[in-house]
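Q: sequence and predicted structure are below.
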Amino acid sequence: MRSASRSMKEASKKSFLDQTRQRWKVTVFLALILLGGVLLALMIWRVNDSTSLPWAPGEVFFSLTGTSVVLISVLWLWFSVRCPRCGVKVASAVLTKEPVTTWLRRLLECRECPGCGFAGDQSRR
Ligand SMILES: [Zn+2]
């Protein structure tokens, strides 16, 4: 009994995303946001300097691709992070409740599903 309660304690230190093996989805999201940021930075560079590197795509290309990449990354996170028990969209639940400055930390640190309180598969083992 003692070892079981200890392993539960250790497991509860892990976040909901770790418990449900969904942390990589946040990593993909961050990578896409970074890519979108680079594309938008290239757009700003292109607006200020349209003469050098004539083979490079124009600012319209960069603004369209940059904006769509950012949009896709938000939609990806919104719909992909789900609770395996009740199916609630965890990221969207956190995003709509938390201010913009803290929601990512809240999402990474949250211990249980905001919908049903499911805290990963630690209780099943
Ligand atoms: Zn749930």
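A: Noted; the coordinates are in hand. Here the structure is a predicted model, which is why all the values come from computation and not from measurement. Residues are numbered from 1 along each chain as shown.

Q: enumerate the residues of this protein near the ion.
A: Residues of the chain lying close to the ion by CB under 5 Å from the ion are 83, 85-86, 88, 113, 115-116, 118. Glycine gets a C-beta too; all of them are placed from N, C-alpha and C.

Q: just the buried members of those?
A: Buried by 16 or more other CB atoms under 10 Å: 83, 88, 113, 118, out of the residues of the chain next to the ion.

Q: give the contact list for the third one.
A: To tie it back to what came earlier, the one meant is Cys113. By CB atoms under 8 Å, 6 or more residues apart in numbering, the contact list for Cys113 reads 16, 83, 85-86, 88, 90, 119.

Q: does it count as helix, strand or coil?
A: The three-state label given to Cys113 by DSSP: H, G, I helix; E, B strand; the rest coil is coil.

Q: next SSE after the helix ranked longest in the chain?
A: When the chain is parsed with DSSP state H, its longest helix is helix 23-48. With elements assigned by DSSP states H and E, the helix or strand that comes after helix 23-48 is helix 59-80.

Q: okay, Leu39: pLDDT?
A: For Leu39, the pLDDT comes out at 97.

Q: can you check the one 5 residues further on too?
A: pLDDT for Ile44: 95.

Q: which residues touch the most centrally placed residue in the chain?
A: Centroid-nearest residue in the chain, with CA atoms, centre = their mean: Val26, separated by 3.2 Å. Going by CB under 8 Å, 6+ apart, Val26 touches 17, 77, 81, 104, 107-108.

Q: what is the nearest of those to Ser50?
A: Closest to Ser50 out of the contacts of Val26 is Leu77 (33.9 Å), distances taken as CB to CB.

Q: wait, a helix at His21?
A: Careful, residue 21 is Arg and not His. No - Arg21 is assigned coil when assessed by three-state DSSP, not a helix.

Q: how close does it get to Cys113?
A: From Arg21 across to Cys113, the span is 14 Å (CB to CB, to the nearest Å).

Q: and Gly120, by the same measure?
A: Using CB to CB, we find Gly120 at a distance of 9 Å from Cys113.
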